[in-house]
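Enquirer: I would like to see how this sequence folds:
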Amino acid sequence: MRRVFHSAVMAIVLSLGLSLWACSKTETNSFVVPTYSILVSQPGETGSTEFETRNITSIEATSIPDGWSVDNIDLYTGIITVTAPKTFDNNEETEGDLVLKGYTPTGNTRTVTIFVAILPNADIDFSDKPANCFVVTQAKTRYKFNPYIGGASTPLETSYVKLLWETRRGLINYIDMRDGKVSFFIGDTSDNDETELSLYPGNALFGAYNDKDELIWTWHVWVSDKNPEEHVTTLGGKELMEMNLGAISLNDGSGNESKILASYGLYYQWGRKTPLPGPFSWNFAHNEDARLYNLDGDILYLDYVESTAETGTVAWANANPLSVITGRAENGYDWLFASTDNTLWSSQKKSENDPCPHGWRVPDNTIYANLTITEKDDAMSWEEAQPMYGWWLKDTTTNQEYFFTAAGRRNYIDGRLDNMNTNLELPVPWSGYYWTTTPLEGNASALYFNLNTNTRTWNGFDPAHAMQRANALPIRCVRE
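Expert: Residues are numbered from 1 along each chain as shown. Predicted structure coming up:
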């Protein structure tokens, strides 16, 4: 039987054939080094990193820092091995860029630059200090941690870890995961003329992913040139950080706007471990969020979602760290949809959702019980008090004074940044809130104060104020 092809079908076949022929002429290739670094601990040490290629048939080193050697580039295993110089008598370099060029069968090339370095400082390893937050205070250093559930030492089935966001481009460098341990590198500011600091302060969030590319946990990295674990004070018989969690400066009430903004830190919905950014401007102008950047340097934006049966769960919140979950009247303005959960943060022991570093936790409300506004501050005119953005608070049992910055909040209704009191005649934009672990009926207890611009003898102050749990407030950590 003779087969007859319809002309339209023949046209499709011919077109497909031409397309396939054209595709065969288009070369697809790639050459990627995920970590973009090989970091070794001492002179003469050999180091390696993995690479991934597609349609690359050979690789050569076209530029090598003085004194370094490229020992092997194995296309089969996807591993590059180098050795650092042992001595430095002939201008050998402790660090530099290794440039690699990959060639395709048709002669096209792909170039990759790898940073190689002998680390001047010993690694700092948090493996024995599990937490949801790691404090980083030293530049030119590699930090390591186990990808465990924070505070619980419970291993996760982590396939890989990546940077979710950072508050400054280039804050975190060269993330790697080997032998079940995560590492990252913190650079310095030695080549920057704009600052004399040796370390850029800021915050970052890491995410752990399983082999299905599902986000299963996050960790906050707090980079500070002022070690918050050393800036502490004694309150209620306990050591309390003088810096808000995630802050990069102290506010001393001097009215310095850069100090005010840097003192706000990060914001947390009650019971959630993942931080939310604060304002872009010290005065909360336009309710604009602080900048967050992904690994490629692109700006990220928060997502604002209402609590539902889907979004109002711990699992969903953990998997969506850039989402502010707003409350509903029906659930008492908790970000949890079904019912409140008083165990997410604990006054008895540090919970796995506690956002503080190892050895620290969110305090219960007894620590603020004896505080009040100092007489001097309470007697100020509002014009004097406005620039302070905070109060000096006094412990009535010891007369010791402490400054608490007025960092406002993200409110429970729509998640927006809110630092304005309700006086319409003389609105002065600041109030302070600090979470505690202490649950209240349907709410939770927070330290609260504000600047009253109407009646000077009625500045708002409450050491145990009931706050809806969908509010995102600052935290000061207490030593365990």
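Enquirer: Ile59 contacts Val99, doesn't it?
Expert: No. Look at Ile59 against Val99 with Cβ atoms under 8 Å: they stay out of range, at 11.0 Å. Every residue, glycine included, has its C-beta placed from N, CA and C.
Enquirer: so those two - more neighbours on which side?
Expert: Higher neighbour count among Ile59 and Val99: Ile59, with 21 against 15, using other Cβ atoms under 10 Å.
Enquirer: where are the low-confidence patches of this protein?
Expert: Low-confidence segments of the chain, defined by pLDDT under 70: 1-26, 190-197, 421-427, 453-458.
Enquirer: what segments of the stretch 301-450 of the chain are strands?
Expert: Under the criterion DSSP state E, counting those that start in this stretch, the stretch 301-450 of the chain carries strands at the ranges 303-306, 323-326, 360-361, 371-373, 390-395, 401-405, 409-410, 417-418, 431-439, 444-450.
Enquirer: which other residues reach the fifth one?
Expert: Around strand 390-395, the neighbours that count as contacts under Cβ atoms under 8 Å, 6 or more residues apart in numbering are 235-236, 251, 253, 370-377, 400-406, 430, 432, 449, 459, 461.
Enquirer: filter the residues you listed down to the buried ones, ChimeraX style.
Expert: Of the contacts of strand 390-395, the buried ones can be selected in ChimeraX as follows, counting by 16 or more other Cβ atoms under 10 Å:
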select :235,236,251,253,370,371,373,374,377,402,403,404,405,406,430,432,449,459,461
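Enquirer: indicate which one of the strands of the stretch 301-450 of the chain is closest to Glu288.
Expert: With Cβ to Cβ, the closest approach to Glu288 among the strands of the stretch 301-450 of the chain belongs to strand 417-418: 7.8 Å.
Enquirer: measure the nearest residue to Ser307 once chain neighbours are set aside to Tyr304 for me?
Expert: Leaving out its chain neighbours, the residue that sits closest to Ser307 by Cβ to Cβ, 6 or more residues apart in numbering is Phe337, at 4.7 Å. Noted for Phe337: a distance of 16 Å to Tyr304, by Cβ to Cβ, to the nearest Å.
Enquirer: so which of the strands of the stretch 301-450 of the chain is nearest Ser258?
Expert: Nearest of the strands of the stretch 301-450 of the chain (Cβ to Cβ): strand 401-405, 12.8 Å.
Enquirer: for Glu330, list the residues it contacts.
Expert: Per Cβ under 8 Å, 6+ apart, neighbours of Glu330: none.
Enquirer: straight-line length of stretch 123-136, end to end?
Expert: By Cα to Cα, to the nearest Å, the extent of stretch 123-136 from end to end equals 12 Å.
Enquirer: tell me the buried residues in that stretch?
Expert: 124, 126, 130-136.
Enquirer: tell me the one of the residues you listed nearest Glu480?
Expert: Using Cβ to Cβ, Ala131 comes nearest to Glu480 of these, at 10.8 Å.
Enquirer: so how far is Gly151 from the closest residue to the closest one other than its chain neighbours?
Expert: Sequence neighbours aside, His358 is the residue nearest to Ala131 in space, at 4.1 Å (criterion: Cβ to Cβ, 6+ apart). As for His358, its distance to Gly151 is 8 Å (criterion: Cβ to Cβ).
Enquirer: which residues are in contact with each of the two?
Expert: 130-131.
Enquirer: the more surrounded of the two?
Expert: Gly151 (24 against 20).
Enquirer: ok so, going back, quick one: which of Phe337 and Tyr304 has more around it?
Expert: Phe337 (19 against 13).
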